Each structure stands twice: as C-alpha cells, then as structure tokens.
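Trainee: have a look at this prediction, sequence included:
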Amino acid sequence: MANNTANKMTDNKPVKPTDSKPTDGKTKKASDSKTNNDNSTSWTQNYLTLIIVFIVFLCALVAAAFVFTSPNLNAFQNWFLLAFLVLIPVVSIPIVTWLMLQHSGKLAVSENDADIKWETTSEIKQKRKLNNEIREIAKHLDIPTEQLSDLRSAYIVAEDLALRKVQSEADFPLMHKISIGNNDFDAVYVNEDLITLVEVSFIVTDDVPQNKINVYMRKAAAVNKLLTEVRQGSRIRLLLVLVTQLDEKSITALRPNVRKRFNSTPVSVDISFLDFLSLQKIYAED
C-alpha cells in the first residue's frame, strides 16, 4: 500500500500552484484583514438599523390606526391596541440592546487587528518545513533520493489544493504562510472575533506522529496567549487539514487515531480529512 501511495503522488502530473507569497508582506495582510472588518461592520450596522426602523414603523402604524379608528372601536379593542403599543417597546428594546451588545463586542475585538504583527514566513523557514515533511514521507514510503523532486512537487500541489478547499469552505480570504510571534502556519483567516490557524499535512500512514501533534499544539498555545493579550476577546481555533491517498480501511483507522490525540487542548481544534485525488478532480482536471 505504501508503494502504491508513492506512485500515485509522484506519477500524477503536478499542477502549478498559485503563488501565495504577497507582494507587500504585512501591509497586504493588514489591508485584507481591515477590508473584511469594514465589510462586517457595514453589514452589522445595516442589520441593526433595519430592525430599529421596522419597530418604529410598526409602532407608528399601530398608533395611526388607533387614532383614526378609536371612535369606531369598542372598549376591548381600544385596550388591545393600547396594550400592543406599550408592549412592543418593552419587548423590542431589550432584544435590540442584546443584539447591539453582541455585535459591538465582536467588532470591538476586530478593531485591534492593526496591533497584530502578521508577518510572512521567511523563505528559509518555508523550505525547511517542506523538506522535513518530504523526508518524513520518503522514509515511510521507502522512496529513493532521485524521486524526492517529484515527491516535493506533488506535496506542494497537495498543499495548494487543500488551502483552496479551506478558503472555499470558509468563504474568507486566507493569509498564506503567516508567522505570529515566531510561530509559523500554512494559513490564517479572521472572522470577527474568531482567528483560525490552518496547518496542512500529507499523511501516508493511518496515524499522525505524536511529536508533530505536539508541535501543532505548542504553536497554537503560544499564539493563543499572544493574541488574547493583543486582541482581547478573541477566540482561537486550530484547523488541521490532513491530505491523504489512503484506502478506505486506513482512513477509517486514521480518523479515531488522530481525534483521540486532541481530547485536551489549549484551543479549539477542528480536523479536516481531504483526499488528494478528489482535490485534483475539483480544482485541476478538465
């Protein structure tokens, strides 16, 4: 099975991945994040304004109906309209206040985004991580040195396609290859008070080494401590994306083996399992 996996990875013709390196590093990242927050602020303000306008309009409509129809109404109908006019503000004001507090709290968190030092991971660190991953896969699959170049190309494509899938599902632009306080991640995206840290790995066995999981959690814990100080009220999530070409039996064994390693974590953890061939069919093949 291992050799079959190696052949699949190296025999597939790689598709040139999109260049994820920003043209202006941190400036572009901050600009993207600011744009998202501006859009979110605009939507929230419009949403609350519509609710308030609707409540005022409804009260005005009932009041006008009461004024013009009260001479023709009996005592019960008059009291019913009066009770309605009194209860509408009593019920609606707490609801609107709650909505405003909920949304303003999230927006207040995102206002501190400018204080976060988003930095592009250096080329040296990117190369080191890639080569470490390649050597680990080659060791498991007994791939000879002369095939490492093909394996490296396949890995780059797999990572690129996986990040496209993540962005498509999140419906938010990703910041690729980001370092936060010397902690490197394949991608990061921000949705109001939630910051998602994305790590991608190609898995060729039915387990993930404990030392790799320890690295993920150490980085997530460090970023959680850093960002909760700079961006108070933030929620941090680690999204672990595992790309595989394993058979169904191995996948069935992999899922519980991985999930049980994350029973107690400093941040929320989500695990996504993606099939390499399926990703190619979605994004690469005609």
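Mentor: Structure received. This is a predicted model, so every value here is computed, not measured.
Trainee: going forward, measure contacts between C-alpha atoms and count neighbours the same way
Mentor: Fine.
Trainee: wait, a strand at K127?
Mentor: No - checked against DSSP: H, G, I helix; E, B strand; the rest coil, K127 lies outside a strand; its state is helix.
Trainee: what's the pLDDT at it?
Mentor: As predicted, K127 sits at a pLDDT of 95.
Trainee: how far away is it from A64?
Mentor: Distance, K127 to A64, using C-alpha to C-alpha, to the nearest Å: 72 Å.
Trainee: I95 too?
Mentor: Using C-alpha to C-alpha, I95 is found at 24 Å from A64.
Trainee: equivalent analysis for K125, please.
Mentor: Look at K125 and A64: by C-alpha to C-alpha, they are 70 Å apart.
Trainee: next one: Y189
Mentor: 50 Å.
Trainee: give me the more crowded residue out of the two.
Mentor: Shown here are Y189 and A64; by other C-alpha atoms under 10 Å, Y189 has more neighbours (20 against 12).
Trainee: secondary structure class for the more buried one?
Mentor: From three-state DSSP, the assignment for Y189 is strand.
Trainee: quick one, what contacts the closest residue to it other than its chain neighbours?
Mentor: In space, Y189 comes closest to L174 once its chain neighbours are excluded; the distance is 5.0 Å by C-alpha to C-alpha, 6 or more residues apart in numbering. Contacts for L174 were tallied using C-alpha atoms under 8 Å, 6 or more residues apart in numbering; they are Q167, A187, V188, Y189.
Trainee: what does F202 give?
Mentor: Contacts of F202 by C-alpha under 8 Å, 6+ apart are Y155, A158, E159, L242, V243, T244.
Trainee: which members of those residues occur in strands, if any?
Mentor: L242, V243, T244 (DSSP state E).
Trainee: tell me the one of the residues you listed nearest F262?
Mentor: L242 (14.3 Å; C-alpha to C-alpha).
Trainee: just among the contacts of F202, which is most surrounded?
Mentor: Neighbour counts for these peak at A158, which has 27 neighbours (criterion: other C-alpha under 10 Å).
Trainee: so how far is R128 from that residue?
Mentor: On the measure of C-alpha to C-alpha, A158 and R128 end up 17 Å apart.
Trainee: what do you get for A64?
Mentor: The gap separating A64 from R128 is 73 Å, by C-alpha to C-alpha.
Trainee: P173 too?
Mentor: Distance, P173 to R128, by C-alpha to C-alpha: 26 Å.
Trainee: before we move on, what about G233?
Mentor: 34 Å.
Trainee: what of A154?
Mentor: For A154, the distance to R128 (C-alpha to C-alpha) stands at 17 Å.
Trainee: what of Q210?
Mentor: 20 Å.
Trainee: kindly report the same for A222.
Mentor: Applying C-alpha to C-alpha, the value for A222 to R128 is 21 Å.
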